[in-house]
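Enquirer: the sequence and its predicted three-dimensional model are supplied below.
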Amino acid sequence: MLLQNAIGDALNNSEWTFALVECVHIGGFAVGIGSIALVDFRMLNLGLRHETTARILKYTELWTLIALAFVVFSGAALFLSQTEIYLVNLIFPYKMYALVAALIYNFTVHRRVATMENPPPVLSKLVAIVSLLLWVSVVFGGIFTGFLV
Amino acid sequence: MPTAHSIQSIRFLTDFSESVLAYPIVLSIHLTCIALFGGMILMTNLRLLGLNFMGLTITEMVGSLRLWKRVGAITMIGTGLLLATSEAEKYAPNPIFWTKMVILGLIGVHALIFRPTVYDRTEELDRSPVIPTKVKVAAILSLVLWTAMFSMGRLIAYWD
């Protein structure tokens, strides 16, 4: 409660602080989702074909982790600053479900298949498509949270 | 702003901005492009700076993602145009919107300068023992310009 008040005061008393935290949130998901998408594009054979998916994952995973940490923390700060608005929002819970599903999927199924030595191409492609759909639904959820109150 | 008023009064754009679903869907596509292709831009620049993807050649990194970055840029500009023209009267006096447009122009200038000297000469760069300074300058400027671009996009809503 104290933390919520402190964050709420900091973000609500300065419009630009809230805006800056939103920029960090957007920048974070651009890097986080973008780096995961790079692995997905490799799994779909749409780019970086000279390298294995496992190696692409190795190159991107630290960026993904750091960026997603920024997304989650900036998102939590935005949420705590206007809790009452988000709690009654019709779309916000669905965004959260999609986010949790995307995070769990990314660090379990997606990671498992991406690190397999010779995964069946159909499996690889299917896993990549589900990954892209999950993350895109999180972005859509975020935008719709602001529009359908 | 009579011009801005005439633009946003075009029937199609009026229908678009008044639709409960069309506007947020197009905005979501705009943001999805930032997520998918922004990541590609960042990773390509990290390779040019020699900070990541060192197992891949610059040619592979730049060449195999070029098509997707173009698809992303066209979608981003197309959706952005639709969003801006549908609310032209609101955007026209907004200095942050115009700052974003100047940054977009600078991204074009960046491409004009560095495409022939860096992005179209990747095989030459792969043969070079060290990454030349002009390549690093191109990568850093690209990162700065794209960060400014998406930040201005968000900040547009805060000016009134």
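Expert: Alright, I've got the coordinates.
Enquirer: which helix or strand contains the closest residue to A:Lys95 other than its chain neighbours?
Expert: In space, and not counting its chain neighbours, A:Lys95 is closest to A:Gly141: 3.0 Å by CB to CB, 6 or more residues apart in numbering or on different chains. C-beta here means a position set from N, CA and C on the backbone, and glycine is covered the same way. Element membership for A:Gly141 (DSSP states H and E) is helix A:121-147.
Enquirer: contact residues of chain A facing chain B?
Expert: Within chain A, the residues that sit near chain B (CB under 8 Å from any CB of the partner chain) are A:15-16, A:19, A:22-23, A:26-27, A:29-38, A:41, A:46-51, A:55, A:59-60, A:63, A:132, A:135-136, A:139-140, A:142-144, A:146-148.
Enquirer: low-confidence bits of chain A, can you list those?
Expert: For chain A, the stretches with pLDDT under 70 are A:1-13, A:149.
Enquirer: mind jotting down where the helices sit in it?
Expert: Ranges of helices in chain A, per DSSP state H, are A:2-12, A:15-43, A:53-81, A:83-87, A:92-105, A:111-114, A:121-147.
Enquirer: what's the helix or strand for B:Gly80?
Expert: Here B:Gly80 is assigned to helix B:58-86, by DSSP H and E.
Enquirer: summarise which helices and strands the helix holding A:Gly141 is packed against.
Expert: When contacts are defined as 3 or more CB pairs under 8 Å, 6 or more residues apart in numbering or on different chains; DSSP states H and E, helix A:121-147 packs onto helix A:15-43, helix A:92-105, helix A:111-114, helix B:22-48.
Enquirer: possible to save these as JSON lines with mean neighbour count?
Expert: Output for the helices and strands packed on helix A:121-147, formatted as JSON lines (neighbours: other CB atoms under 10 Å in any protein chain shown):
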{"stretch": "helix A:15-43", "mean neighbour count": "22"}
{"stretch": "helix A:92-105", "mean neighbour count": "16"}
{"stretch": "helix A:111-114", "mean neighbour count": "18"}
{"stretch": "helix B:22-48", "mean neighbour count": "22"}
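Enquirer: redo the ones you listed as JSON lines? Include distance to B:Pro95.
Expert: Below are those laid out as JSON lines (distance: least, CB to CB, whole Å):
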{"stretch": "helix A:15-43", "distance to B:Pro95": "15"}
{"stretch": "helix A:92-105", "distance to B:Pro95": "31"}
{"stretch": "helix A:111-114", "distance to B:Pro95": "44"}
{"stretch": "helix B:22-48", "distance to B:Pro95": "21"}
